[in-house]
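Novice: Structure for the following, please:
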Amino acid sequence: MRLCHSALLSLLVALCLVDLSWAQGDRWKRLRDEDNRLYQQGKYSEGIPTAQEALRVAETTFGPGSAKVALSLNDLGMLYAGAANYPEAESAYKRSAAIIEKLVGSRSPVFAKSLNNLAALYQTEGKFADSEIVFKRSVGILEKSLGPDDPTLGRALNNLAEVYRTEAKYQEAQLLYERALAIAQKARADPDVAACLNNMAELNRLQGKYADAETLFRRSLAIMEKSLGAEHPSIASILNNLAVVCQSEGKYAEAEDFQKRALAIQQKVLGPDHTSVARSLNNLAELYRMEHKYAEAEPLYAQSSAIVEKKLGPDHPFYATSLSNQALNYQGEHKYAEAEPLLKRSLQIQEKALGPDHPDLAKSLNNLAELYRSEGKYDDAEPLYKRTLAIDEKVLGPEHPDVTVCQSNLAVLYESEGKYEEAEALYKRALAIEEKTLGTNHPDVARILSNYSVLLRKTNRTVEADGMAARAKAILAKQAQSN
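Specialist: Residues are numbered from 1 along each chain as shown. Sure thing, here's the model as predicted:
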């Protein structure tokens, strides 16, 4: 299981208010210009004291209910969110929205923009139902007040699509992404175009469309590098995403290069304890685990989990994913006693936060089933595999690569129990899907061929077994040569 986090989970829309105060407030303006500059550079923690001072000046000069106070609160919320101080960000956004609603009314696009920022924060905090409700309200206001082609509406649509993607509502997300992209392209808004391309790429990756995802990620990266420079946090996030999709395609050397570049940018710009750093550490560890470099992966997982628990709390889905991945690494080292409690805790968090039919929950169920199978606890493993398969087929469709992982794992279980006919049927289904979706020379195809060849030997079909084993070996040799 990979943990991937999209580069531009949400476009935080900077709040633009009409100046409702007579005084110009030169000092306030200078402070705000400075905190906005630091935000644009990704220097979130450095910008917070400046924004706090701007807020103090606005409150004393213009009054606590003024537009400038609302704007300063919004700026401060954006900086807190960037620095992963989510409770403070939520408080600032809510105060800002309340002031704006009182000043301009609940149907104003200015009020909608403030809602958009709050909804994006809810999404980052894992409060998906709250995020969807607030985003929908924002979209409704913007569509009525600005019309169907305004870039601000496009950003709100993109953000609502992100929530749908997180909730595995892929069809709804695709429709909104396409609409947001069309708006951004019409407006020639390059950063918005790049964000839409990035998020559409992530949607393709989740659906197993890896080649399409890589193409979209590279387009997004090229636009962002031109617009923001080579060391902006958004560049690091897209590199992170490219690394994940290259890993899915079996391009491990490229994946490692992208991942290390992303991590270096984030540690330099965001600091060592940011949640984006945690994601990159996790993803680099995942890559090492896939390559059986368990000792190199273990400290990276531990660092990632510690950051996530500190910043997001022990009940966040991201923390559950960190625990699950750490458990997989222990399992690779045959440390089953250490792995099991981590997997069980991960399942508890995910089922509570995401519901009973989410793909991330399915991955954790599969991981626990794999652990039980490795320990010979077949009766405990089988119902978990079947539940995993049911969730994946329902949510992702019957030809998604994640479906074949579970099919292959269940086949291995049946084979261990001597249920050879049931095992072979699953191997055949998994192999057909993998060859169709990933191509005939993908490492995952080799994995299924290798497992299938073992079954064929057990049923005295040596010639067929030798052919499959030789094909698997050739695929892996070609992969090793390219890396």
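Novice: What residues sit buried inside whatever helix or strand residue 470 lives in?
Specialist: With secondary structure defined by DSSP states H and E, residue 470 is part of helix 462-482. Residues 465, 468-469, 471-472, 475-476, 479 are the ones in helix 462-482 that count as buried (16 or more other C-beta atoms under 10 Å). The C-beta positions use only the backbone N, C-alpha and C, and glycine is treated the same way.
Novice: number of nearby residues for the closest residue to residue 437 other than its chain neighbours?
Specialist: Nearest non-adjacent residue to residue 437, counting by C-beta to C-beta, 6 or more residues apart in numbering: residue 208, 5.4 Å away. Look at residue 208: counted by other C-beta atoms under 10 Å, it has 21 neighbours.
Novice: any idea how far residue 208 lies from residue 275?
Specialist: Going from residue 208 to residue 275 by C-beta to C-beta, to the nearest Å gives 26 Å.
Novice: Identify all contacting residues around stretch 174-181.
Specialist: Outside stretch 174-181, the residues that touch it by C-beta atoms under 8 Å, 6 or more residues apart in numbering are 154-155, 157-158, 160-161, 164, 192-193, 196-197, 199-200, 203.
Novice: got CSV for those residues, with secondary structure, neighbour count and distance to residue 414 too?
Specialist: Below are the contacts of stretch 174-181 laid out as CSV (DSSP: H, G, I helix; E, B strand; the rest coil; neighbours: other C-beta atoms under 10 Å; distance: C-beta to C-beta, whole Å):
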residue, secondary structure, neighbour count, distance to residue 414
154, helix, 28, 50
155, helix, 27, 49
157, helix, 27, 46
158, helix, 27, 44
160, helix, 26, 43
161, helix, 27, 40
164, helix, 21, 36
192, helix, 23, 50
193, helix, 22, 48
196, helix, 30, 44
197, helix, 25, 42
199, helix, 29, 39
200, helix, 25, 38
203, helix, 22, 33
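Novice: Which two of these have the greatest separation?
Specialist: Spatial extent of the contacts of stretch 174-181 (C-beta to C-beta) is set by the pair 164 and 193 at 19.8 Å.
Novice: Can you work out which other helices and strands pack against the helix or strand residue 159 falls within?
Specialist: With elements taken from DSSP H and E, the one containing residue 159 is helix 151-166. Judged by 3 or more C-beta pairs under 8 Å, 6 or more residues apart in numbering; DSSP states H and E, helix 151-166 is in contact with helix 109-124, helix 128-146, helix 170-187, helix 190-206.
Novice: Could you export the third one as CSV, keeping only the C-alpha atoms?
Specialist: Taking only C-alpha atoms (Å, rounded to 0.1, in the frame of the first residue of the first chain), the coordinates of helix 170-187 have been written out as CSV:
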residue,chain,number,x,y,z
TYR,A,170,-14.3,9.0,-8.7
GLN,A,171,-16.9,9.7,-11.4
GLU,A,172,-18.2,12.8,-9.6
ALA,A,173,-14.6,14.0,-9.1
GLN,A,174,-13.7,13.5,-12.8
LEU,A,175,-16.6,15.6,-14.0
LEU,A,176,-15.7,18.5,-11.7
TYR,A,177,-12.0,18.3,-12.6
GLU,A,178,-12.8,18.5,-16.3
ARG,A,179,-15.0,21.5,-15.8
ALA,A,180,-12.4,23.2,-13.6
LEU,A,181,-9.7,22.6,-16.1
ALA,A,182,-11.8,24.1,-18.9
ILE,A,183,-12.3,27.2,-16.9
ALA,A,184,-8.6,27.6,-16.0
GLN,A,185,-7.5,27.1,-19.6
LYS,A,186,-10.0,29.6,-20.9
ALA,A,187,-8.7,32.1,-18.3
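Novice: what pLDDT, on average, does it get?
Specialist: For helix 170-187, mean pLDDT is 94.
Novice: in it, what's buried?
Specialist: Those would be 170, 173-174, 176-177, 179-181, 183-184, for helix 170-187 by 16+ other C-beta under 10 Å.
Novice: List the contacts of the closest residue to residue 271 other than its chain neighbours.
Specialist: Nearest residue to residue 271, sequence neighbours excluded (C-beta to C-beta, 6+ apart): residue 45, at 6.4 Å. By C-beta under 8 Å, 6+ apart, the contact list for residue 45 reads 79, 83, 271.
Novice: Mind putting those residues into TSV with distance to residue 221, neighbour count and secondary structure?
Specialist: Conversion of the contacts of residue 45 to TSV gives the following (distance: C-beta to C-beta, whole Å; neighbours: other C-beta atoms under 10 Å; DSSP: H, G, I helix; E, B strand; the rest coil):
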residue	distance to residue 221	neighbour count	secondary structure
79	25	27	helix
83	24	22	coil
271	23	16	coil
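Novice: Can you tell me which of those is closest to residue 94?
Specialist: Of all the contacts of residue 45, residue 94 sits closest to residue 79, with 15.7 Å by C-beta to C-beta.
Novice: so the closest one touches residue 49, yeah?
Specialist: No - contact criterion C-beta atoms under 8 Å: residue 79 and residue 49 do not qualify, at 9.6 Å.
Novice: So for the helix or strand hosting residue 370, mean pLDDT?
Specialist: Using DSSP H and E, residue 370 sits in helix 359-374. Averaged across helix 359-374, pLDDT comes to 91.
Novice: going forward, begin numbering at 74 instead of 1
Specialist: OK, 74 is where the count begins now, so the last one is helix 432-447.
Novice: And whichever helix or strand comes after that helix, what does it pack against?
Specialist: Reading on from helix 432-447 to the C-terminus, the next helix or strand found by DSSP H and E is helix 451-468. When contacts are defined as 3+ C-beta pairs under 8 Å, 6+ apart, helix 451-468 packs onto helix 432-447, helix 474-489.
Novice: and the angle from the first one to helix 263-279?
Specialist: Relative orientation of helix 432-447 with respect to helix 263-279: 30 degrees, computed using axes from the mean of the first three to the mean of the last three C-alpha atoms, to 10 degrees.
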